[in-house]
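Asker: Sequence first, then the predicted structure:
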Amino acid sequence: MAKPSNKTELLDLSQKNFERLVDLIEGFSAKDQNAAFPKGTLNRNIRDVLMHLHHWHLMMMNWYSIGMKGGKPEMPAKGYTWKTTPDLNKWIQEKYSTIPLDDAKKNFKASYKELRQLIEMHSNEELFEKKKYKWTGTTSLGAYLISATSSHYDWAYKLIKKSKR
């Protein structure tokens, strides 16, 4: 499916990809859900992937909170640039490496719900008009939300599926 271009498509695709990811994970036995991925991936297991997604949800909500108050959020995070995102992702993986899988699932689902509510608060124009908000630069709020939800869930789905072959 093409990237969403309106609020309905964004809500639908984020929900579809969220459910597809959750269903994939729940389709594995408890043992397989906790098993390590083959060597060569930063995220070493399903927990790592879910906490990666959760942390990016939190960052998105932080950017939004600061930006909508007229501030300039540090993106992607304090001390990191878009070019150093791999370092940030490594830090995220290390930060959450002791979280139990059940907690990772709860955190991911809770932060998804918060992002979904954020999307629901806005009109099509507010979501998809480029340059509408100073903090989003030349892009739209919707583009950030697509990256934090539907596109990111698709990446996670493919990574888990590939790692569980």
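Answerer: Everything's here; your move. Residues are numbered from 1 along each chain as shown.

Asker: Every contact and neighbour count from this point should use C-alpha atoms.
Answerer: Fine.

Asker: Grab the nearest non-local neighbour of Val47.
Answerer: Rather than Val, residue 47 is Arg. Among residues not flanking Arg47 along the chain, Leu101 sits closest, at 5.1 Å (C-alpha to C-alpha, 6 or more residues apart in numbering).

Asker: name the element the residue in the chain sticking out farthest from the centre belongs to?
Answerer: Taking C-alpha atoms, centre = their mean as the measure, the residue most remote from the mean C-alpha position of the chain is Lys31, 24.8 Å away. Assigned by DSSP states H and E, Lys31 belongs to helix 30-34.

Asker: Show me what counts as buried in that helix.
Answerer: For helix 30-34, a neighbour-count test (16 or more other C-alpha atoms under 10 Å) marks Gln33 as buried.

Asker: Report the distance from it to the chain centre.
Answerer: 22 Å (C-alpha atoms, centre = their mean, to the nearest Å).

Asker: re earlier: which residues touch the residue nearest to Arg47?
Answerer: Asn34, Ile46, Arg47 (C-alpha atoms under 8 Å, 6 or more residues apart in numbering).

Asker: For the last one, give me phi and psi.
Answerer: For Arg47, the backbone dihedrals (degrees, to the nearest 10) come out as phi -60, psi -50.

Asker: wait, it sits on Lys106?
Answerer: No. Taking contacts as C-alpha atoms under 8 Å, Arg47 lies outside contact range of Lys106: 10.8 Å.

Asker: quick one: which of these two has more around it?
Answerer: Higher neighbour count among Arg47 and Lys106: Arg47, with 26 against 14, using other C-alpha atoms under 10 Å.

Asker: Now do the contacts for the more buried one.
Answerer: For Arg47, the contacting residues are Asn34, Ile99, Pro100, Leu101, Ala104, Lys105, by C-alpha under 8 Å, 6+ apart.

Asker: Look up the closest residue to Pro100, ignoring the ones flanking it.
Answerer: Excluding its sequence neighbours, the residue lying closest to Pro100 (C-alpha to C-alpha, 6+ apart) is Arg47, at 7.3 Å.

Asker: Can you tell me how far the one you found is from Leu159?
Answerer: In this view, Arg47 and Leu159 are 12 Å apart by C-alpha to C-alpha, to the nearest Å.
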